[in-house]
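Novice: what shape does this take:
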Amino acid sequence: MDIFGLTFTFWTIVKTVFILWLFSVIYDWLAVFAWRRKYKLKGKFPFPVVGTLPYVIGRSWDDLDNEMLQKYGPVSAGSVGKMKIISVADIGLMKKIFVKEHVHFQNRFTIDSFDPWPMNKTLLSLKDEQWKRVRNIITPTFSAGKLKKMTKEINYCAELLTSGLIEKAKSGEEVDSRKHLGCYTMDVIASTAFGIRTDAYNNPDDSFVSLAQKVFGSSSFNPIALLAMLFPNLAGFLVKMFGISVYYPKDSLAFFVDVIKKIIKERQEKEDTERTDMLQLMMNAELQVGTEDGTQSVKKLSLDELLGQGIIGFVAGYETTALLMTYLSYVLATHPDVQKKLQDEIDEHVPAEATEVSYDVVMEMPYLDQVINETLRMYPPVTKMNRTTPKHEDVEIDGHWFPRDTMISYSIWQVHHCLGLYPEPEKFIPERFSSEEKAKRDPFVFMPFGHGPRNCIGMRLALLEAKIATVAVLRKLKFVKCAETEEKLQLIKESFLRPKNPIKVGVVLR
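Specialist: Got it, this is the predicted structure:
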């Protein structure tokens, strides 16, 4: 092969490319050491290309987090490829990062160009003013008034769940909590997000149900995610050229885009604006902003933004609430005294003849709130969250430097299981969340939905969904231990907290 009069063989080109790649690896590796030295950051020794990733292999994130805290203090450094990470394990620093100094840390860390359309338009991916505008438009969708209008559909789904569990109780079969309660949360999110009734338990082959399940069926090891962290430019190329994605199978994503487009078109043609599902509320929502001449400019979500929020609302709302309900069934089955006290409260607040559970009633049950909060403390569905520093600005807080364009990671699991914050953290004690006990603690140490302006926007809906289902089920049934109920759950602590084995419990009629 002749190039500019010079002759090259195939193997000469291969060796040259390899040598150049090797030099770039060494350069990036040395840059990590220089970065640490400049900002006086401590952490485990980083390897070329993979950084500190090998220290995670064969162990859980929380073991590594605790080791880092003990060895390097509340702020430690790590890296994966070119991605630089600072882990924070100090409540005071967290409060300043997520609340007081939020303006410098308002974005979540994302790998640019890796989220496929329209997932690059979701609240998780949007940044700065775009995120702020969309968040302000959507926030009223989750007001108390709007949630009250959704309770009828949530009650309908809770009745389907209860009926299915009654059949199990009569037959004496054990219950796979994740399967049964996951069907409930799918029915709820399909109804409250899109106005679609699914009955996932009885119709598992329905396209909506089966394609949705594919989004949540990914294995714990995801080679595409690893590729994205190690070689973000290559990952971005694969997304653009082939539509490859870490979390969203192409057929599932295409299906949901098509479904939402059809719903939007149908409602626009019929001028149907009275529905109370999230999609319609987002379609109706407007943000009025002042202009320099005093006039009002009305801003609404674009079609791409509607599609993105609709899909991510379904994904986030389904998985996290399904995990909460799964763990809740386990703690009730293994703590019959807690379940009895909770049932007494339910019987006191809900008349025997009542056919539905209202928003106001579930919000007036203090022990129900304590039980759910303690479940979220012991088993937070999301174990870690992150923010990122500005692209072009270093930030200094209390003598700690947070360099530009760096992921700031913090562990919800670590905070929720800290002996200094929660005595006997491995014990299930709902009374930790009584008014008296909460007054003794900094509220920031309970963070299942995050904190600050970028906390989980669907928090109130998730809690309402869990409370209505709990009340509906416990009015007629009890969770009990069965032969397959584990004495101590084995957990996989990844981004989501998943049980290693299916959680099995029994149900009996009251």
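Novice: low-confidence stretches in this structure?
Specialist: Confidence mapping of the chain against pLDDT under 70 gives the ranges 1-8, 112-113, 216-224, 235-236, 238-240, 242-246, 287-298.
Novice: return the set of buried residues in the longest helix seen in it.
Specialist: Longest helix of the chain, by residue count under DSSP state H: helix 303-334. Residues of helix 303-334 classed as buried: 305-334 (neighbour count, 16 or more other CB atoms under 10 Å). No exception for glycine: its C-beta is placed from N, CA and C like everyone else's.
Novice: stretch 350-365 now?
Specialist: In stretch 350-365, counting by 16+ other CB under 10 Å, buried: 350, 357, 358, 359, 361, 362, 363, 365.
Novice: make CSV out of these and add secondary structure.
Specialist: Converted to CSV, the buried residues of stretch 350-365 look like this (DSSP: H, G, I helix; E, B strand; the rest coil):
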residue, secondary structure
350, coil
357, coil
358, coil
359, helix
361, helix
362, helix
363, helix
365, coil
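Novice: so which of those comes closest to residue 164?
Specialist: Ranked by distance to residue 164 (CB to CB), the buried residues of stretch 350-365 are led by residue 357 at 17.5 Å.
Novice: show me what contacts the closest one?
Specialist: By CB atoms under 8 Å, 6 or more residues apart in numbering, residue 357 lies in contact with 151, 155, 158, 350, 468, 471, 472.
Novice: follow-up on the earlier one: which helices and strands sit right next to the next helix or strand after the longest helix of the chain?
Specialist: Using DSSP states H and E, the next helix or strand after helix 303-334 towards the C-terminus is helix 336-349. For helix 336-349, the helices and strands in contact under the criterion 3 or more CB pairs under 8 Å, 6 or more residues apart in numbering; DSSP states H and E are helix 303-334, helix 366-378, helix 459-474, strand 477-480.
Novice: and helix 336-349 with helix 459-474, angle?
Specialist: With axes from the mean of the first three to the mean of the last three CA atoms, to 10 degrees defining the directions, helix 336-349 sits at 100 degrees from helix 459-474.
Novice: outside of helix 336-349, which residues touch it?
Specialist: Helix 336-349 is touched from outside by 331-333, 361, 364-368, 371, 428, 430, 470-471, 474-475, 478-480, 510, with contacts defined as CB under 8 Å, 6+ apart.
Novice: quick check on the residues you listed: which are buried?
Specialist: 331-333, 361, 365, 367-368, 371, 428, 430, 470-471, 474-475, 478-480.
Novice: pretty sure residue 131 is touching residue 121, no?
Specialist: No: with the criterion set as CB atoms under 8 Å, residue 131 and residue 121 do not qualify as a contacting pair; they are 10.4 Å apart.
Novice: higher neighbour count, those two?
Specialist: Here residue 131 and residue 121 are set side by side on neighbour count (other CB atoms under 10 Å), and the busier one is residue 121, at 23 against 19.
Novice: so what's the more buried one up against?
Specialist: Each residue near residue 121 by CB under 8 Å, 6+ apart is listed here: 302, 304, 305, 307, 308, 309.
Novice: could you dump these to TSV with distance to residue 258?
Specialist: Converted to TSV, the contacts of residue 121 look like this (distance: CB to CB, whole Å):
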residue	distance to residue 258
302	18
304	14
305	17
307	10
308	15
309	16
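Novice: show me which of those residues is closest to residue 32.
Specialist: For residue 32, the closest of the contacts of residue 121 turns out to be residue 308, at 33.6 Å, with distances computed as CB to CB.
Novice: next one: phi and psi at the spatially closest residue to the closest one that is not a sequence neighbour?
Specialist: Leaving aside its sequence neighbours, residue 308 sits nearest to residue 121 (CB to CB, 6 or more residues apart in numbering; 3.5 Å). With angles defined as degrees, to the nearest 10, residue 121 sits at phi -110, psi 10.
Novice: and the gap between residue 121 and residue 53?
Specialist: 30 Å (CB to CB, to the nearest Å).
Novice: turn the buried residues of stretch 350-365 into CSV, columns for distance to residue 73.
Specialist: Written out in CSV, the entries for the buried residues of stretch 350-365 read as follows (distance: CB to CB, whole Å):
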residue, distance to residue 73
350, 50
357, 48
358, 49
359, 45
361, 47
362, 43
363, 41
365, 42
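Novice: residue 443: which of these is nearest?
Specialist: Each of the buried residues of stretch 350-365 was scored against residue 443 by CB to CB, and residue 363 proved nearest at 18.4 Å.
Novice: OK, contacts around that closest one?
Specialist: residue 467.
Novice: what sits against residue 149?
Specialist: residue 276.
Novice: what helix or strand does it sit in?
Specialist: Under the assignment given by DSSP H and E, the secondary-structure element containing residue 149 is helix 144-171.
Novice: against which helices or strands is the helix or strand that that helix is followed by packed?
Specialist: Sequence-wise, the next helix or strand beyond helix 144-171 is strand 175-176, with elements assigned using DSSP H and E. Counting by 3+ CB pairs under 8 Å, 6+ apart, the packing neighbours recorded for strand 175-176 are strand 504-509.
Novice: between helix 303-334 and the strand it packs on, find me the angle.
Specialist: Direction vectors for strand 504-509 and helix 303-334, defined by the same axes, to 10 degrees, enclose an angle of 70 degrees.
Novice: and strand 504-509, how far from the chain's centre?
Specialist: 28 Å (CA atoms, centre = their mean, to the nearest Å).
Novice: nearest to residue 445, of the helices and strands packed on helix 336-349?
Specialist: The closest approach between residue 445 and any of the helices and strands packed on helix 336-349, judged by CB to CB, belongs to helix 366-378 at 9.3 Å.
Novice: check which helices and strands the closest one sits against.
Specialist: Taking 3+ CB pairs under 8 Å, 6+ apart as the contact cut, helix 366-378 packs with helix 303-334, helix 336-349, helix 459-474.
Novice: now render the ones you listed as JSON lines, adding distance to residue 198.
Specialist: Converted to JSON lines, the helices and strands packed on helix 366-378 look like this (distance: least, CB to CB, whole Å):
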{"stretch": "helix 303-334", "distance to residue 198": "11"}
{"stretch": "helix 336-349", "distance to residue 198": "27"}
{"stretch": "helix 459-474", "distance to residue 198": "15"}
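Novice: looking at those helices, spot the one closest to residue 32.
Specialist: By CB to CB (comparing all of the helices and strands packed on helix 366-378), the closest turns out to be helix 303-334, at 32.3 Å.
Novice: quick one, that closest one and helix 366-378 angle?
Specialist: Orientation note: helix 303-334 sits at an angle of 100 degrees relative to helix 366-378 (the same axes, to 10 degrees).
Novice: with respect to residue 423, which of the helices and strands packed on helix 336-349 lies nearest?
Specialist: Residue 423 lies closest, by CB to CB, to one member of the helices and strands packed on helix 336-349: helix 366-378, at 12.4 Å.
Novice: pull the residues that contact the closest one.
Specialist: By CB under 8 Å, 6+ apart, the list of residues contacting helix 366-378 reads 324, 327-328, 331-332, 338, 341-342, 345-346, 362, 416-417, 422, 425-426, 428-435, 446, 448, 463, 466-467, 470-471.
Novice: how far out from the middle of the chain is it?
Specialist: The answer for helix 366-378 is 18 Å, by CA atoms, centre = their mean.
Novice: could I have it exported to PDB, CA atoms only?
Specialist: Coordinates of the C-alpha atoms in helix 366-378 are reproduced here as PDB (Å, rounded to 0.1, in the frame of the first residue of the first chain):
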ATOM      1  CA  PRO A 366     -48.400   7.200  60.900                       C
ATOM      2  CA  TYR A 367     -47.400   3.600  61.400                       C
ATOM      3  CA  LEU A 368     -47.900   2.700  57.800                       C
ATOM      4  CA  ASP A 369     -45.500   5.600  56.900                       C
ATOM      5  CA  GLN A 370     -43.000   4.300  59.500                       C
ATOM      6  CA  VAL A 371     -43.100   0.700  58.100                       C
ATOM      7  CA  ILE A 372     -42.500   1.900  54.500                       C
ATOM      8  CA  ASN A 373     -39.800   4.300  55.500                       C
ATOM      9  CA  GLU A 374     -37.900   1.700  57.500                       C
ATOM     10  CA  THR A 375     -38.200  -0.700  54.500                       C
ATOM     11  CA  LEU A 376     -36.700   2.000  52.300                       C
ATOM     12  CA  ARG A 377     -33.900   2.500  54.800                       C
ATOM     13  CA  MET A 378     -33.000  -1.100  55.100                       C
END
